[in-house]
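Peer 1: dropping a prediction and its sequence here:
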Amino acid sequence: MTIDRDIELKPLQRNDAGHIFKAIDDSREHLRVWLPFVDMTHSEQDSLNFVNSVLELPEEKRDLVWTIWYKSDFAGLIGTKNTDYQNQRTEIGYWLTESFQGKGIMIRSVQKVLGYLFNEKSFNRIEIKVAIGNKRSRKIPEQLGFSREGVERDAEKMTDGTFADAEVFSLLKKEFG
């Protein structure tokens, strides 16, 4: 999916594992604050295991994951998770390496994915969950018109072993414009 002349989203492929690992490794200290999987990613094989875990599921159960490319450089990932196809609902998760933040890449990527999920895949409800305190990530659903529904207590285990609460935001197809 081409977003503009600088940003492109490409479906996740096995040969992306090297790009994913390098991005995580290069931005490890920055990413690990909010992404617990960073500390469990020690090699390209770990990234390949993630890619395989996505791609080996049957299509009707598979989450949709795209790599984000900015001016032909790998910048991060965006995709669905905890998808409930029967009830036409899913959650969007995303991350960017530190050097690509502050360029509007993620908000445009999320907006493009929303259009695809609502219009092409016929989802009715999309959620974004943001750890309390993650101000950059919180701006995405706020700016895209999501409704804040509340707080999911102890939603995610963090790197230090503690649990973080997460704000839950949702957007319905009828609200997407």
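Peer 2: Looks like it arrived, so ask away.

Peer 1: show me how far the helix or strand bottoming out on mean pLDDT in the chain is from its chain's centre.
Peer 2: Lowest on mean pLDDT, DSSP states H and E among the helices and strands of the chain sits helix 28-31, with a mean of 77. Offset of helix 28-31 from its chain centre (C-alpha atoms, centre = their mean, to the nearest Å): 16 Å.

Peer 1: can you pull out the helices in this protein?
Peer 2: 17-26, 28-31, 44-55, 105-115, 135-143 (DSSP state H).

Peer 1: how about the ones you listed in JSON lines, adding mean neighbour count and distance to residue 98?
Peer 2: Every residue, glycine included, has its C-beta placed from N, CA and C. Shown next, in JSON lines, are the helices of the chain (neighbours: other C-beta atoms under 10 Å; distance: least, C-beta to C-beta, whole Å):
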{"stretch": "helix 17-26", "mean neighbour count": "19", "distance to residue 98": "8"}
{"stretch": "helix 28-31", "mean neighbour count": "16", "distance to residue 98": "4"}
{"stretch": "helix 44-55", "mean neighbour count": "15", "distance to residue 98": "18"}
{"stretch": "helix 105-115", "mean neighbour count": "19", "distance to residue 98": "12"}
{"stretch": "helix 135-143", "mean neighbour count": "15", "distance to residue 98": "11"}
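
Peer 1: so where's this protein uncertain?
Peer 2: 32-33 (pLDDT under 70).

Peer 1: can you list the helices of the chain in a markdown table and add distance to residue 122?
Peer 2: Shown next, in a markdown table, are the helices of the chain (distance: least, C-beta to C-beta, whole Å):
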| stretch | distance to residue 122 |
| --- | --- |
| helix 17-26 | 29 |
| helix 28-31 | 33 |
| helix 44-55 | 21 |
| helix 105-115 | 12 |
| helix 135-143 | 21 |
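
Peer 1: nearest to residue 67, of those helices?
Peer 2: Across the helices of the chain, residue 67 has its closest neighbour in helix 17-26 (6.9 Å, C-beta to C-beta).

Peer 1: what about residue 176, neighbour count?
Peer 2: By other C-beta atoms under 10 Å, 17 other residues sit near residue 176.

Peer 1: how close does the nearest residue to residue 18 once chain neighbours are set aside sit to residue 51?
Peer 2: Once flanking residues are discounted, residue 18 sits nearest to residue 44: 5.4 Å by C-beta to C-beta, 6 or more residues apart in numbering. Using C-beta to C-beta, to the nearest Å, we find residue 44 at a distance of 10 Å from residue 51.
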